[in-house]
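Trainee: Sharing a sequence plus its predicted fold:
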Amino acid sequence: MVVIRPKPAGTIQIAVDPAAPTGTVVEEATTMSITSSGSSVFMQCKVCFASFSHLNLHTRIGSIASFPFLGFLCMAAVLLVQSVDNQIVLGSLESQVESLNTVLDLVHELQKEAGAVSIFVSSKGALFKTELLAQRALCDTRITALDQITDRTVLEDPDFTQATKYLAGLIQHRQAVLLFQLATEEEASGYYIQCTKYFTTALRNIGLQSNNANTKRFFTSLEVLSYAKESAGQERASGAAACALDGFATPADYQNFVSLIATWDGFYRLAITYVSSAQLPAIEAIMQAPAIRRAFVMQTQLLTNDPAVITGVDPLEWYWNMTEVIDGLKQVENLISKENTASLQAENSKAFADLLLLLGVLALAIVVSFVLCVCLGRSLKSASRLLDKESKFTRTAEKSMHRFVPKRMLHLLKYDSVLQVRLGDRQIRSSNLLVMDIRNFTAHSEGMTELDTFEWLSHFLQIISPVISDNSGFVEKYVGDGLLALFESPQSALNASLQMQVEVAQFNALNDAFGKECVRIGVALHSGAICAGVLGNHERLELTIISISVNVAFRMEAINPVYGSQIVCSDVFCEEVDMAGVGHRYLGQVQVKGATHVFGIFELFQADGLLLRRWKEKSKLEFETAVQHIENRRFAEAVKSLTELDRRMTANDPPLVDAGIRQKLALAKSYHEQGVPGDWVGQHIFTAK
């Protein structure tokens, strides 16, 4: 535990006691005074000169020469231990990946058998009996390969054990399918889906246990791809049944079909975000295969035709083309697996070469250090221990302080170290602000204890916060269930806001798989001048930011629930970024509480669902025209346009909810019926914080 006690005349006293529990102020501890006009280097030099003062010339020469070699020897020994440990870990990872590739092949074949079973049962045995039997033979081959895995310690997981129990009952389930003893196709294919879900969950659990970043990314992409293949398989079965019946049986079946398309496409696009750029051309080539492209064309036919009447689409042709899509996803999976295996092998080879080099260097260092250490006396050993203790203390203190005071925050004030901080120092500069808040966090945490709420929030922020640093930003402060982050460039802030929504979508996908409640966040982006400085008194200092721009950003984030948006940004921010390819629309002029100026805001709907995103893109021009009508006091025209948009939105199949349209419609009606203040200039005035 590191405790910083302010002292008069600009002196800071730091006390360290490694044995003290966290949060304990230690009275009897090793202390050292560091003044703002000097540094710990001066203390080290003082100790060295005091120790050397009573050493003879030969001892002094030996002491000076031995220090670098002793440090080199220690460094080589530490690196050697790390290299041996790394060699062991990489070897274990190679064995693990090889075993889990066998599991992935089995999951793929089980998913294909589930699709064949679904069509066979739905057609009452009229279709796919031969294909089903052939697919069973392929599955049996993969099951045999799984049984032959010798090193099963890498597969020790409760979900994997549960999946193998399903495999044990597969023969009995298959017999029930052939004898039509199952009531529905969902019951028939659900057995396979449950089995593959356990396998997929086991892969995720094993991946999370790895300390290798590339391997974690590899397991995450494979898990997401598995969900994509499962959804594509369900789409294949649903579409084939509709083609066989010349139409979808119910509107709900059609909506489920549309949802499955969006689901597997979303999982696929999420999976390739984990792939290196070198693999993207190969993946693109796989997904552009003729059969896969034909499947997408047939998919469009099923979406554009009358759902109750489908003609010209052969169910068998649809099934085999969609099977090519699933096999294409499997090829993508194989590419990712191959890339990870090659990466592990390269790391293993490099680690082995480094190990040999370190052994040679360590041997040389031992010999040289032994010769030089003969020159050292007892006085020098005492000085060495003191210097080592002080060096360790300095690193520990600095590392602990930077966990509370980010380096980037110090750089805003042109500091190199927290020891340079002085009360009243300040710097004014422009910056790009990102404010994030969790929607309905109070309601979400009502069913949890304070400890559970803290642990859940800590886990969620650990998922979101790395996105900020990955985009060259840093978290200035955590505010309850939200945060404020600063970025050098507005484009980095924009990228971070979109990537946050991707991380939340992935977080929700895993929550949904385990029946947990999903989470939504709101983000606001703004640019403006800030004043970074040191506030407080001599007993308590804080590096903070004081700015109207910060207040405006927090008020902007509160606009998200009003318009049902996920990301809003100011017009000042939008002028500095490239919005090409990013779905957005103008929401109008606003005036937030605590601010006197009026500014425009935009909604970024790139992270919305597929159908809602298409609707907003399609209705963007009409919506923005209606907003202009409101600002120009043409309220009757605005009401007419927005009413028509609301009618079309409600009549859409499926019906959509665009809160922005309804909010603007209510606002236009209110202005039209009740009038506006005399000083009104077209702004929507928000009085809530």
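Mentor: Now that the structure is in, tell me what you want to look at. Numbering: from 1, shown residues only.
Trainee: where does Ile428 land in three-state SS?
Mentor: Three-state call for Ile428 (DSSP: H, G, I helix; E, B strand; the rest coil): strand.
Trainee: where do the strands sit along the stretch 401-550 of the chain?
Mentor: Along the stretch 401-550 of the chain, counting by DSSP state E, counting those that start in this stretch, strands occupy 426-438, 473-479, 482-487, 521-537, 540-546.
Trainee: elements contacting the third one?
Mentor: Pointing back at strand 482-487 there. Applying 3 or more Cβ pairs under 8 Å, 6 or more residues apart in numbering; DSSP states H and E, we find strand 482-487 packed against strand 426-438, helix 450-470, strand 473-479, helix 490-513, helix 548-557. (Glycine included, C-beta is placed from N, CA and C.)
Trainee: again, 10 Å this time
Mentor: Applying 3 or more Cβ pairs under 10 Å, 6 or more residues apart in numbering; DSSP states H and E, one finds that strand 482-487 contacts helix 407-412, strand 426-438, helix 450-470, strand 473-479, helix 490-513, strand 521-537, helix 548-557.
Trainee: Just name the shakiest helix or strand of the chain by mean pLDDT.
Mentor: Using mean pLDDT, DSSP states H and E, the weakest-scoring helix or strand in the chain turns out to be strand 30-35, at a mean of 34.
Trainee: coming back round to it: let's have the helices and strands packed on strand 482-487 in a markdown table, adding mean pLDDT, distance to Trp680 and mean neighbour count.
Mentor: A markdown table is the format used below for the helices and strands packed on strand 482-487 (pLDDT from 0 to 100; distance: least, Cβ to Cβ, whole Å; neighbours: other Cβ atoms under 10 Å):
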| stretch | mean pLDDT | distance to Trp680 | mean neighbour count |
| --- | --- | --- | --- |
| helix 407-412 | 70 | 39 | 17 |
| strand 426-438 | 89 | 27 | 20 |
| helix 450-470 | 89 | 38 | 14 |
| strand 473-479 | 88 | 32 | 18 |
| helix 490-513 | 89 | 30 | 19 |
| strand 521-537 | 88 | 23 | 20 |
| helix 548-557 | 91 | 19 | 21 |
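Trainee: So which of the ones you listed is nearest His584?
Mentor: Among the helices and strands packed on strand 482-487, helix 490-513 comes nearest to His584, with 10.1 Å by Cβ to Cβ.
Trainee: how much does the closest one deviate in direction from strand 426-438?
Mentor: Helix 490-513 runs at 30 degrees relative to strand 426-438, counting by axes from the mean of the first three to the mean of the last three Cα atoms, to 10 degrees.
Trainee: for the strands of the stretch 401-550 of the chain, which one sits closest to Leu110?
Mentor: Smallest distance to Leu110 across those (Cβ to Cβ): 35.5 Å, for strand 521-537.
Trainee: Parallel or antiparallel, list what pairs with the closest one.
Mentor: In the sheet, strand 521-537 lines up against strand 426-438 (antiparallel), strand 540-546 (antiparallel), strand 567-570 (parallel) (DSSP bridges).
Trainee: Tabulate the CA atom coordinates of the longest one in CSV.
Mentor: As requested, the backbone C-alpha atoms of strand 426-438 are provided in CSV (Å, rounded to 0.1, in the frame of the first residue of the first chain):
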residue,chain,number,x,y,z
ARG,A,426,-3.8,24.8,-15.2
GLN,A,427,-3.7,24.6,-19.0
ILE,A,428,-6.4,25.6,-21.5
ARG,A,429,-6.7,23.6,-24.7
SER,A,430,-9.3,22.1,-27.1
SER,A,431,-10.3,18.5,-26.8
ASN,A,432,-12.8,15.9,-28.0
LEU,A,433,-15.1,14.6,-25.3
LEU,A,434,-16.9,11.3,-25.1
VAL,A,435,-19.6,10.7,-22.3
MET,A,436,-21.0,7.2,-21.8
ASP,A,437,-23.9,6.2,-19.5
ILE,A,438,-25.7,2.9,-18.9
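Trainee: Thanks a lot, catch you later.
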